[in-house]
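K.L.:
predicted model and sequence follow; I will ask about them next.
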Amino acid sequence: MQPNLFTTMRSLKLIEGCKVYALNNNPPPPPPPPTRVREKLLQHLQDHLRVSSTRSITHRNAAVSLDSLLPHGLPVSDLLEPQIDPSLKLVDSIEKLAEVHRRIESSSHSVKSEAFLEQSVIFRGFSDPKLFRRSLRSARQHAVDAHTKVVLSSWLRYERREDELIGTTPMDCSGRNLECPKATLVSGYDPESVYDRCLCSRSETNAPECSTSEVEEDYDVSFCIGDEEVRCVRRKFASLSRPFEAMLYGGFRETRCNVINFTGNGISVEGMRAAEVFSRVGRVEIFPPEVVLELLKLANRFCCDELKAACDSHLARLVDSLDDALLLVEYGLEEAAYLLVAACLQVFLRELPHSMRNPNVVKIFCSVEGRERLGLVGHGSFVLYLFLSQIAMEEDMKSNTTVMVLERVVESAVEDWQKQLACHQLGAVMLERKEYKDAERWFSSAVEAGHVYSLVGVARCKFKRGHRYSAYKIMNSLISDCSATTGWMHQERSLYCSGKEKLVDLEIATGLDPTLTFPYKFRAVSLAEESQFGAAVAELNKIMGFKVSPDCLEMRAWISIAMEDYEGALKDIRAVLTLEPNFLMFNKKIHGDHMVELLRPLVQQWNQADCWMQLYDRWSSVDDIGSLAVVHHMLANDPGKSLLRFRQSLLLLRLNCQKAAMRSLRLARNHSKSEHERLVYEGWILYDTGHREEALAKAEESISIQRSFEAYFLKAYALADSTLDPESSKYVIQLLEEALRCPSDGLRKGQALNNLGSVYVDCDKLDLAADCYTNALNIKHTRAHQGLARVYHMKNQTKAAYDEMTKLIEKARNNASAFEKRSEYCEREMAQSDLGMATLLDPLRTYPYRYRAAVLMDDHKETEAIEELSKALAFKPDLQLLHLRAAFYDSMGVSADAIRDCEAALSLDPDHKDTIDLYNKAREQQP
């Protein structure tokens, strides 16, 4: 035993909604590369580059060569492949959501947490991470045993990536039982207490002192260890366990002895004296850790349940660092000390991902022996290895550690959904490692367990092994057998077709699921191969208008270089590096930063003042990708500027890139120069991960140190994220007015004015609202046109409202929402046209589908109305869409389908009152 072991802003979304690939270079065996097309495109590029080998650029002249910009050639359409999603992917997600909701509602306390865990796994495959985190919190809330509480609390903490926050330690407490490292070690079902303040946040009272001196007792037996004796009270020592009771009172030889030889039983004199004291006072915290470990061993050997529980609990409370955990976990596993092992696991898990770089931790978690040992102590659960697998796959999908962790996931899977996920993930990893035979085996196991999407993996593996026709037959058979096909089915089958058949499958895939990126990328590269670069960029722009991803940005940059649009290429590469700072471009051969250095001399140079002007222009024209690129440029000159990092997070949130946004927020917090600024960024991190009350506390603490725009803004936002009564609205107005009195730039003040106008509208103070929106427009906050249009509409000035939205459409680069909003201020035919444009620009916006379905329902076209909603629900399960379809079904007397849609909707929002009312009504009508 070591002697020193234990000596030690984002823009707001108030009402108006203003809060703000690498190509596979390993060709499959069957199709040879179309070198003629490649040579044609290379020749085209060489011709262009020869003409402009020297470009006159402001501040600098530069020569460029094809070899430096495209050293690894150009993408080839026939070599493109979509990545297989390692998450559970469902043919009918609505039915599955409804099924899981029924299971949650009907399950007992002991299995409710597991039901929420299944729900979180389903949500993992959705685009909104908040749904996943909410289900994970519910799983933790309903957890019964300490092990599950430890794993889920650590998982919730990991989702915030607090390991990246400078100045924090793994065992820091958030202040609530939900994630408190001490509260998690208490077993028992108490779902209502998880959001209470934990003991860590309260002032601790000193425990009463306990004397270990020998008081007047009737010592009538002694245990002899070596040459020393330990006097005990026979009656009290016998009460430690049945074996001791049998020894001292059961008629054995020791019953008649006053001195019992206890040498050779593996306990020292100090340990035996401690056992004697415990028999009298019932406490172990008065002894040093090494003695408590001896007591734990004694308790195990002689079945002293109370003594073991006391030792286990005390040692668990002492584990506070990775070194402690590594030292004590072996004792815990050897002596089957449940809480001690749980405490050690908690340290390992809260240190992730760094702890997985320790070979001793890897051995405990990843080896077959390690899982068996953990299982014997009640810690070898599916939820543990599921958590570990997520982290391992994020760190390095191809590593041996990832494979070992996933093998443990497979071994611990019991339920069908667990087997589906475990086998599918292992198949995806093996495919990435190019171990196609093993990958096919695991994908096939997932299919046998009921995961239809894994057939995509089986087909891909056969294709990689040279069996293209077999792959085609698998997908063709799946499409033929499905009553309702999905976009990913046609997308996968297209890989095994050619010519028009391939293009038809890709068009069908886009029609069924416009969020799939591969069809756009394939069509873009095909157009580029025919030197139709403008059309290729336009094809990629279609999806990047509503879904920004690194692979599409990379491909557009690739094509922009071919067009000699170096500014466009540099803009997209900077945006890629904002999303993924270590992104490797062009067949994973060149780091993005290197491409930035190659392209910088070919574009106009900006100083920091120029950058601010460019940022204002792009922000006001709602060019979020362009704004991201400018901020990335500015951060290259001033990487420690927390204000820029915060701006970056706002833009990323507007683009629905929440993971990257959270990373930018963490960097803003780490680079903050003052305490009050750091508290604001911590508040936003807490708010974005579902901790509203804690976020409010951070804002208030920041204001108490120094009044600032961002602190008041955060507080107003957090308070307004609920239904506001008149008094609350008045307080939010006061907070926003205070924010506007504090120094800030026009970008943020425009946002505050816009949100203040929204609150005024809700309070029916239309003139004040109009003033706010007008002032926001004066400082180029373009989105304020929408608020001003709302004011005109409420004043019955419909034509003015329509014209105001037209101005926004003309100014905004991303204007799908403007078309949608303008539809409210015109006649039905014009509204239909605007909503059609909104869907074309952003098919993820649900209002157009609901409007068209309502019109069809009014025209007594029930089937067509249902189809309109179902079309969107096929690729985006949405609360409002589900509620409306359920209402339609209910009006048609189809109670079963209405109930199913209500159950699916309640999975997305368990507290949605209108859906709850409709659900109860439909169940009453069901025969």
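P.N.:
Good, I have the coordinates. Numbers count the residues shown, from 1 in each chain.

K.L.:
confidence-wise, which helix or strand of the protein is lowest on average?
P.N.:
When each helix and strand of the chain is scored by mean pLDDT, DSSP states H and E, strand 54-57 comes last, with a mean of 38.

K.L.:
Asp396 reaches Thr402, doesn't it?
P.N.:
Yes: with contact defined as C-beta atoms under 8 Å, Asp396 counts as touching Thr402 (6.2 Å). All C-beta spots, glycine's among them, are computed from the backbone N, C-alpha and C.

K.L.:
who's more crowded, those two?
P.N.:
Set side by side, Asp396 and Thr402 show more neighbours around Thr402, with 25 against 13, by other C-beta atoms under 10 Å.

K.L.:
what about Val230, which SS state?
P.N.:
When classified by DSSP: H, G, I helix; E, B strand; the rest coil, Val230 comes out as strand.

K.L.:
quickly list what it is bridged to.
P.N.:
Phe223 (DSSP bridges).

K.L.:
do you have the strands of the protein handy? List them.
P.N.:
54-57, 60-63, 221-225, 228-232, 259-261, 584-585, 590-591 (DSSP state E).

K.L.:
quick check: Gln832 vs Leu856, distance?
P.N.:
11 Å (C-beta to C-beta, to the nearest Å).

K.L.:
and these two? Which one has more around it.
P.N.:
Taking other C-beta under 10 Å, Gln832 and Leu856 do not tie; Leu856 has more neighbours (19 against 16).

K.L.:
which one in this structure is furthest away from the centre?
P.N.:
Distance from the centre of the chain peaks at Arg256, with 66.9 Å (C-alpha atoms, centre = their mean).

K.L.:
what residue ranges in the stretch 701-850 of the chain are flagged as low confidence?
P.N.:
Scanning the stretch 701-850 of the chain for pLDDT under 70 picks out 723.

K.L.:
can you give me the helices in it?
P.N.:
Taking DSSP state H, counting those that start in this stretch as the test, the helices found in the stretch 701-850 of the chain are 709-720, 726-741, 746-762, 766-778, 784-794, 798-811, 816-822, 828-841, 847-858.

K.L.:
which ones are touching the residue positioned nearest the centre of the chain?
P.N.:
The chain has Pro129 as the residue nearest its centroid, 4.4 Å off, counting by C-alpha atoms, centre = their mean. Taking C-beta atoms under 8 Å, 6 or more residues apart in numbering as the criterion, Pro129 is in contact with Glu159, Gln658, Lys659.

K.L.:
only the buried subset of the residues you listed, as a ChimeraX command please.
P.N.:
Applying 16 or more other C-beta atoms under 10 Å to the contacts of Pro129, the buried members can be selected in ChimeraX as follows:
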select :159,658
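
K.L.:
between the contacts of Pro129, which is nearest Leu788?
P.N.:
Nearest to Leu788 among the contacts of Pro129, counting by C-beta to C-beta, is Gln658 at 29.5 Å.

K.L.:
still on that earlier bit, can I get the contacts of Pro129 in CSV including pLDDT and distance to His147?
P.N.:
Shown next, in CSV, are the contacts of Pro129 (pLDDT from 0 to 100; distance: C-beta to C-beta, whole Å):
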residue, pLDDT, distance to His147
Glu159, 90, 19
Gln658, 92, 29
Lys659, 92, 28
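
K.L.:
filter the contacts of Pro129 down to just the ones in helices.
P.N.:
Among the contacts of Pro129, the members falling in helices (DSSP state H) are Glu159, Gln658, Lys659.

K.L.:
quick check: the second one vs Ile685, distance?
P.N.:
Here the criterion is C-beta to C-beta. By it, Gln658 lies 12 Å from Ile685.

K.L.:
same thing with Phe463?
P.N.:
Phe463 sits 43 Å away from Ile685, going by C-beta to C-beta.

K.L.:
remind me which residues of the stretch 251-400 of the chain are low pLDDT?
P.N.:
Residues of the stretch 251-400 of the chain that meet the cut-off, pLDDT under 70, do not exist.

K.L.:
helices along that one, start to end?
P.N.:
Ranges of helices in the stretch 251-400 of the chain, per DSSP H, counting those that start in this stretch, are 269-281, 289-301, 305-318, 322-334, 338-350, 359-366, 368-376, 382-395, 400-412.

K.L.:
now distance to Met272 too, for the helices of the stretch 701-850 of the chain, in CSV please.
P.N.:
Shown next, in CSV, are these (distance: least, C-beta to C-beta, whole Å):
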stretch, distance to Met272
helix 709-720, 58
helix 726-741, 65
helix 746-762, 69
helix 766-778, 78
helix 784-794, 78
helix 798-811, 82
helix 816-822, 76
helix 828-841, 79
helix 847-858, 76
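
K.L.:
so which of those helices gets nearest Leu178?
P.N.:
Once those are compared by C-beta to C-beta, helix 709-720 is nearest, at 17.9 Å.

K.L.:
wait, Trp442 touches His424, no?
P.N.:
Yes: under the criterion of C-beta under 8 Å, Trp442 makes contact with His424 at 7.4 Å.

K.L.:
give me the common contacts of these two.
P.N.:
Gly457.

K.L.:
gap between Arg574 and Leu651?
P.N.:
12 Å.

K.L.:
mind listing the shared neighbours of the two?
P.N.:
Counting by C-beta under 8 Å, 6+ apart, the residues touching both Arg574 and Leu651 are Leu628.

K.L.:
of those two, who's got more company?
P.N.:
Neighbour count, other C-beta under 10 Å: between Arg574 and Leu651, Leu651 has more, with 29 against 26.

K.L.:
tell me the pLDDT at that one?
P.N.:
As predicted, Leu651 sits at a pLDDT of 94.
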